[in-house]
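Visitor: Below are the sequence and a predicted model; questions follow.
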Amino acid sequence: MRYNFLIVLIFLSFFKMNAQQTLSVEEYHDYVYNHRDLPSTVTRIIDSNNTFDKFIGSWGGSLNGLDYYFYVSKFSDSDDIYDEYESLEVRYLITQGSTIIADTRQELSLETSMFLFTMPNTQTAHFSVIDEDRCNGEMIGAFHLVGSPSSGSVLGEVFNEMQVAFSEVPGFFVENWCPNGPTPNQFPKDVIITLTKQ
């Protein structure tokens, strides 16, 4: 009897492990961009091919007297659906001379950070920017790595230049939350900012 119980326990453990599924970031985006439902067995979404690595680092550029700095790092978390998922988190600093216009470098709230989603087989990553108060709506941004990877890299592709551009998402502004009306967005709309790796 004890022997049978052990066999059943081992079988159930094996079945549970096989029922859980890990998707790569590329596989996940294949489902999302093709409007397909994820299998209910997916419990982890991992950057197993190191797709995010080429975006990681500090990037800076200037436009119209403002300096823009983006700090990109890999982010791992869990929620009610996934035991683990990986994405990129972007924090930013905007300055004009010595004056700080916006700074999310120390923000713990994910509301003021940005999550990055790469497009498979491209050098482009899309992300959204939502401020805490939701009074300036939502903007969608895109990072695009420029040129070819630096030569001599043994760790994979290394890019030294990237472009970023933002566009507004219509209808995201919630009037009830903003009695004083919308606030100006902190990023220029439909303009490319060239960034270099710092």
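Guide: Received, thanks.
Visitor: where does this structure dip in pLDDT?
Guide: Within the chain, the segments meeting pLDDT under 70 span 1-20, 108-122, 130-138, 147-158, 170-177, 183.
Visitor: residue boundaries of the strands in it?
Guide: In the chain, the segments counted as strands under DSSP state E are 21-24, 42-46, 57-63, 66-77, 84-96, 99-103, 114-118, 124-130, 138-145, 161-169, 193-197.
Visitor: wouldn't residue 48 be in contact with residue 24 here?
Guide: Yes - contact criterion C-beta atoms under 8 Å: residue 48 and residue 24 qualify, at 4.7 Å. For glycine as for every other residue, the C-beta is placed from the backbone atoms N, C-alpha and C.
Visitor: Tell me which of these two has more neighbours.
Guide: residue 24 (17 against 14; other C-beta atoms under 10 Å).
Visitor: wait, what's in contact with the more buried one?
Guide: 45-49 (C-beta atoms under 8 Å, 6 or more residues apart in numbering).
Visitor: Out of these, which end up buried?
Guide: 45, 47 (16 or more other C-beta atoms under 10 Å).
Visitor: and the contacts of residue 24 as JSON lines, adding distance to residue 184?
Guide: As requested, the contacts of residue 24 are exported to JSON lines (distance: C-beta to C-beta, whole Å):
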{"residue": "45", "distance to residue 184": "35"}
{"residue": "46", "distance to residue 184": "38"}
{"residue": "47", "distance to residue 184": "35"}
{"residue": "48", "distance to residue 184": "40"}
{"residue": "49", "distance to residue 184": "39"}
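Visitor: Just name the closest of the contacts of residue 24 to residue 58, please.
Guide: Closest approach between the contacts of residue 24 and residue 58, by C-beta to C-beta: residue 47, at 19.3 Å.
Visitor: residues touching the closest one, list them.
Guide: Counting by C-beta under 8 Å, 6+ apart, residue 47 has contacts 24-25, 74, 86.
Visitor: Give me the buried subset of those residues.
Guide: 24-25, 86.
Visitor: Could you dump these into JSON lines and include distance to residue 59?
Guide: Shown next, in JSON lines, are the buried ones among the contacts of residue 47 (distance: C-beta to C-beta, whole Å):
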{"residue": "24", "distance to residue 59": "25"}
{"residue": "25", "distance to residue 59": "20"}
{"residue": "86", "distance to residue 59": "20"}
